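K.L.:
Following is a predicted model, sequence given first.
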Amino acid sequence: MKKIFYTRFSVAIIALIPPCIGINFLGRLLVSTLRLPLWLDSIGTCISAFLGGPVIGAICGAVSNLIYGFTTGDNIALIYALTSMGIGLAVGIMSRLGYMETFLKMVLTACVAGLAAIVISTPLNVLYYGGTTGNPWGDALFAVTQANGMPVFLGSLLDEMVVDIPDKLLVLVIVFLIIKGLPKKLTSLYTADDEIKSLD
């Protein structure tokens, strides 16, 4: 466990966080502009988690939400910093365990990240939004579940599932392609292998 969560706060790692936060904002802007039925606001979080580990991913995700919440006045968005932290942790842990090395392993990482988002967000959706997510696809399904007498929590859970699993799959595919396209000289700046070995 110590190896998985080991974090090296080098200049390269610290410099990684601001552009990754910017990428999150670009994803959110793209979805808002094109009215896409996904989120795409965790690409930067997942990049930082892959390169810097779970702690850096969690920091990047949380800070992205906090900045968005404070700059837009959306106080509830601040609460969903918990979800972004969960996504960063999940991807960072899976990456440290070697589950971003191949495409098939990346798909499993996407499912884990989606599950983390679902588990954290569903209670928040029920508490603050009556079970809805604000996503057109998910909320359409939620409306159907409520029309058929399903419990609000179950409807909200399904609402999250139809959005978060496809979203995280697309996000992780994008991240996988970006990481594979980066030169090894660059990615080597973020490897923690040497420091991890010293903990044995």
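P.N.:
Perfect, I can see it now.
K.L.:
Going by C-alpha atoms from here, please, whenever you check contacts or count neighbours.
P.N.:
Will do.
K.L.:
how about the residue nearest the centre of the chain, what does it touch?
P.N.:
In the chain, the residue lying closest to the centroid (Cα atoms, centre = their mean) is residue 87, at 3.7 Å. Contacts for residue 87 (Cα atoms under 8 Å, 6 or more residues apart in numbering) come out as 42, 45, 46, 57, 58, 61, 113, 114, 116, 117.
K.L.:
so what pLDDT did it get?
P.N.:
Note for residue 87: predicted pLDDT of 98.
K.L.:
Next: the one 4 residues further on.
P.N.:
Note on residue 91: pLDDT of 98.
K.L.:
Next, count neighbours for it.
P.N.:
Look at residue 91: counted by other Cα atoms under 10 Å, it has 32 neighbours.
K.L.:
give me phi/psi at it?
P.N.:
phi -70, psi -40 (degrees, to the nearest 10).
K.L.:
surely it meets residue 54?
P.N.:
Yes. With contact defined as Cα atoms under 8 Å, residue 91 and residue 54 form a contacting pair (6.8 Å).
K.L.:
Tell me the secondary structure at residue 133.
P.N.:
Assigned state for residue 133: coil (three-state reduction, DSSP: H, G, I helix; E, B strand; the rest coil).
K.L.:
what's near enough to touch it?
P.N.:
Residues in contact with residue 133, defined by Cα under 8 Å, 6+ apart, are 125, 139, 156, 159, 160.
K.L.:
Now do it against residue 177, distance only.
P.N.:
With distances taken as Cα to Cα, to the nearest Å, residue 133 is found 28 Å from residue 177.
K.L.:
Equivalent analysis for residue 155, please.
P.N.:
34 Å.
K.L.:
between the two, which one's more packed in?
P.N.:
Neighbour tally, residue 155 and residue 177, criterion other Cα under 10 Å: the higher count belongs to residue 155, 25 against 11.
K.L.:
Could you look up the next helix or strand downstream of the helix or strand in which that one is found?
P.N.:
Taking DSSP states H and E as the definition, one finds residue 155 inside helix 152-181. For helix 152-181, the following helix or strand on the C-terminal side (DSSP H and E) is helix 184-187.
K.L.:
Quick one: residues in contact with that following helix.
P.N.:
Contacts of helix 184-187 (Cα under 8 Å, 6+ apart): residue 51.
K.L.:
Just the helices from this protein, written as ranges.
P.N.:
Secondary structure of the chain (DSSP state H): helices at 2-5, 11-34, 43-52, 54-72, 75-79, 81-96, 103-129, 136-147, 152-181, 184-187, 193-197.
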